[in-house]
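Peer 1: I'd like to go over a predicted model; first the sequence, then the structure.
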Amino acid sequence: MQVQVRPGASLEQAAREARYAAFASRLTDGELLLTAQHRDDQAETLLFRLMRGAGVRGLAAMPESRALGSGRLLRPLLMVARSELENWALEHQLQWVEDPSNQSIEHSRNFLRHQVMPVLEQRWPQASGNMARAAAHLGEAQSLLDELAEMDLKDAQGSPEWPWLPLHSLDLSMLRALSPARQRNALRHWLSPLTRLPDTDHWAGWQALRDAAEAATPCWRLAGGELHRAGNRLWWLSGPWLEPVAGELAWPDTAAALSLPANGSVSLEGAGPGAYRVAYRKGGEVMRLPGRGRRDLKRLFNESAVPGFLRSRWPLLYCEGELIAVANLPYLNVTAASFVWTPPA
């Protein structure tokens, strides 16, 4: 299996991410991937992350087991020394391939392996074992922090106002009731499956988003996406949600669903004849509502508390040039037809 390694500041990190992405794409339900990382690797990982100023999650180093794709990754040799494995392999006359890049101290991990660990083990012969044990203790501490985060997030997740919207969201008021340290812990737990977590300095972005004025629409950009605040909720956007949407699309056959580039699809049931098209808000749109007369769409969105990041990509239905329906909002529909938007996952 070959992988494409994207260029970046850290070749080691990019290569590791590419490898695991390839493994994840191959694993199916119930399948296990066993890897041969050993105790010395665990000690190097702890030391490497310590040099980068990692927190408890990072210093817990490599877990013995974790989800990967649809299966699981297992590391059964984490408490076995490299020397033990090498002696066993020699005794059983096994042959293996040495990666020549493992000798280059240009890479940080190799520098630790060849230049730092031997010096430490001269002074403390059990250094690698003690470091691996410390990583296990930190892993246990992280498990307790995860349990605390689950408790803090229990009632904060999900959007009762928009249950059909397939986005991760949190109730900001519940987070604000926590101490700053518990806020960060809860957010780390919530964000960890979604993006690479920010370093300590980057957490200033969370404070700016949390404390922005009520009328503001702040955004915190992270490696895997963006965290937006709308009203009293936090929303995680990534993938197609960060792509621009098309200006407008003709809909000649309303009996079939209409695919919207980077924005899911829409369907229309019970529509009469006419020239239909789907467009997005540009500003100045007006709807003629029964009993209410002409109403500005911006004001109607304000009344419905539509999150700001959604307004530019919310599908609008036009017939013969007139705005007649806003998807998924039946009270903003002047026809008897049902106009339904299925957003991107």
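Peer 2: Yep, that arrived.
Peer 1: Any chance you could list what contacts stretch 259-269?
Peer 2: 240, 243-246, 249, 251, 254, 257-258, 276, 278, 313, 315, 317, 327, 337-344 (Cβ atoms under 8 Å, 6 or more residues apart in numbering). No exception for glycine: its C-beta is placed from N, CA and C like everyone else's.
Peer 1: Drop anything exposed from those.
Peer 2: 240, 245, 249, 251, 254, 258, 276, 278, 313, 315, 317, 327, 337, 339-344 (16 or more other Cβ atoms under 10 Å).
Peer 1: Narrow the residues you listed to those in strands?
Peer 2: Leu249, Leu258, Tyr276, Val278, Leu317, Phe339, Val340, Trp341, Thr342 (DSSP state E).
Peer 1: Closest to Ser25 out of those?
Peer 2: Lowest distance from Ser25 to these (Cβ to Cβ) belongs to Thr342, with 25.3 Å.
Peer 1: what's the burial count for Gly139?
Peer 2: Gly139 is flanked by 17 other residues according to other Cβ atoms under 10 Å.
Peer 1: Secondary structure of it: a helix, I assume?
Peer 2: Yes - under DSSP: H, G, I helix; E, B strand; the rest coil, Gly139 sits within a helix.
Peer 1: So it is in contact with Pro63, correct?
Peer 2: Yes - contact criterion Cβ atoms under 8 Å: Gly139 and Pro63 qualify, at 6.4 Å.
Peer 1: any chance of the ones in strands among the buried ones among the contacts of stretch 259-269 in a markdown table, plus pLDDT and distance to Arg299?
Peer 2: Formatted as a markdown table, those follow (pLDDT from 0 to 100; distance: Cβ to Cβ, whole Å):
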| residue | pLDDT | distance to Arg299 |
| --- | --- | --- |
| Leu249 | 94 | 26 |
| Leu258 | 96 | 27 |
| Tyr276 | 94 | 25 |
| Val278 | 97 | 22 |
| Leu317 | 96 | 19 |
| Phe339 | 95 | 20 |
| Val340 | 96 | 24 |
| Trp341 | 96 | 21 |
| Thr342 | 96 | 26 |
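Peer 1: Which pair of these spans the longest distance?
Peer 2: Top of the distance list for those (Cβ to Cβ): Tyr276 and Thr342, 17.3 Å.
Peer 1: Please give me every residue in contact with Arg123.
Peer 2: Applying Cβ under 8 Å, 6+ apart, no residues qualify as near Arg123.
Peer 1: and Trp220, which of the three is it?
Peer 2: What three-state DSSP gives for Trp220 is strand.
Peer 1: Helices along this protein, start to end?
Peer 2: For the chain, the helices defined by DSSP state H occupy 11-26, 39-51, 56-59, 82-91, 108-111, 117-123, 127-153, 172-176, 180-191, 204-211, 297-303, 308-311.
Peer 1: What residues does Ala223 make contact with?
Peer 2: Applying Cβ under 8 Å, 6+ apart, the residues contacting Ala223 are Thr195, Arg196, Pro198.
Peer 1: Could you export those residues to CSV, including columns for pLDDT and neighbour count?
Peer 2: Formatted as CSV, those follow (pLDDT from 0 to 100; neighbours: other Cβ atoms under 10 Å):
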residue, pLDDT, neighbour count
Thr195, 94, 15
Arg196, 90, 12
Pro198, 88, 19
